[in-house]
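S.K.: Just a sequence and a predicted model for now, questions to come.
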Amino acid sequence: MFYPIYLNLKDKRVIVIGGGEVAERKVHSLLGTGADITVISPEVTATIESLAQSGRIHLLRRRYVDGDCDDATLVFSATDDPAVSAEVFNTSALVNTADQPELCDFIMPAVMRRGDITVAISTGGSSPGLAARLRDEVTEIIGPEYGELAALLRRVRPEILNRVPDQERRKALHYRILDSDIIERLKRGDSKGAERRLRELIES
């Protein structure tokens, strides 16, 4: 059984071994996290090459060698060389090996993002297709207005903590906010009205 966790990868070293389409997908999933991404492969896709040329990732155009994963927080092994995959898995970093759950310290869920809201769905590696289907269904339920609500709540969080120090009262306030018509206002595109309503609830 895998333990669900969200990692802060900002400025952390992440290695992707391999340069094909699978490696490209891993790189895309990392972009925007603030990770220090390095791809190691003698051959890479045009997209990976372009990302390296623009400075968004580092690229080592060679085969993996022992020591490449030193000081790495995460390693994605997306090579078709079984010997390399086995060697990488024995490093001290947390490793994900494409299509080989037996060589994985962690697996990649199907992810849906709405601003600060992230929903990750996993089937424990048994069926990525099922996870993707469930993610698509959740995407239909959680619209972009929920991301806007999360952004609003982030902005007023310090004020709420300061004005309502009691945890139970603060919890009750959050429920009143979530049960109000704020989300409906955001669905209609009435961002200013939603913020006014939020302020009213905090004031009350």
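M.R.: Perfect, thanks for sending it.
S.K.: Give me the below-cutoff pLDDT ranges for the chain.
M.R.: By pLDDT under 70, the chain has no low-scoring segment.
S.K.: next structured bit after the longest helix seen in the chain?
M.R.: Secondary structure assigned by DSSP state H gives helix 144-163 as the longest helix of the chain. Sequence-wise, the next helix or strand downstream of helix 144-163 (DSSP states H and E) is helix 167-179.
S.K.: Convert the following helix or strand past that next one to CSV, retaining C-alpha atoms only.
M.R.: With elements assigned by DSSP H and E, the helix or strand that comes after helix 167-179 is helix 182-187. Below are the C-alpha coordinates for helix 182-187, written out as CSV (Å, rounded to 0.1, in the frame of the first residue of the first chain):
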residue,chain,number,x,y,z
ILE,A,182,-20.1,32.3,-2.6
ILE,A,183,-19.4,29.4,-4.9
GLU,A,184,-22.5,30.2,-6.9
ARG,A,185,-21.4,33.8,-7.3
LEU,A,186,-18.0,32.6,-8.6
LYS,A,187,-19.7,30.3,-11.1
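S.K.: if we can go back for a sec, how many degrees apart are the longest helix of the chain and helix 167-179 in direction?
M.R.: Put simply, helix 144-163 runs at 150 degrees to helix 167-179, going by axes from the mean of the first three to the mean of the last three C-alpha atoms, to 10 degrees.
S.K.: What is helix 144-163 packed up against?
M.R.: strand 110-114, strand 117-121, helix 167-179, helix 182-187, helix 191-203 (3 or more C-beta pairs under 8 Å, 6 or more residues apart in numbering; DSSP states H and E). Bear in mind the C-beta positions are built from the backbone N, C-alpha and C, glycine included.
S.K.: just the ones you listed: most buried one?
M.R.: Mean neighbour count, computed with mean count of other C-beta atoms under 10 Å, is highest for helix 182-187 among these, reaching a mean of 19.
S.K.: thought Phe2 was touching Ser122?
M.R.: Yes. Phe2 lies in contact with Ser122 (C-beta atoms under 8 Å); the separation is 6.6 Å.
S.K.: intersection of neighbour lists for the two?
M.R.: The contact sets of Phe2 and Ser122 overlap at Ile107 (C-beta atoms under 8 Å, 6 or more residues apart in numbering).
S.K.: neighbour count winner among those two?
M.R.: Ser122 (18 against 13; other C-beta atoms under 10 Å).
S.K.: nearest residue to the more buried one other than its sequence neighbours?
M.R.: Leaving aside its sequence neighbours, Ser122 sits nearest to Pro109 (C-beta to C-beta, 6 or more residues apart in numbering; 4.1 Å).
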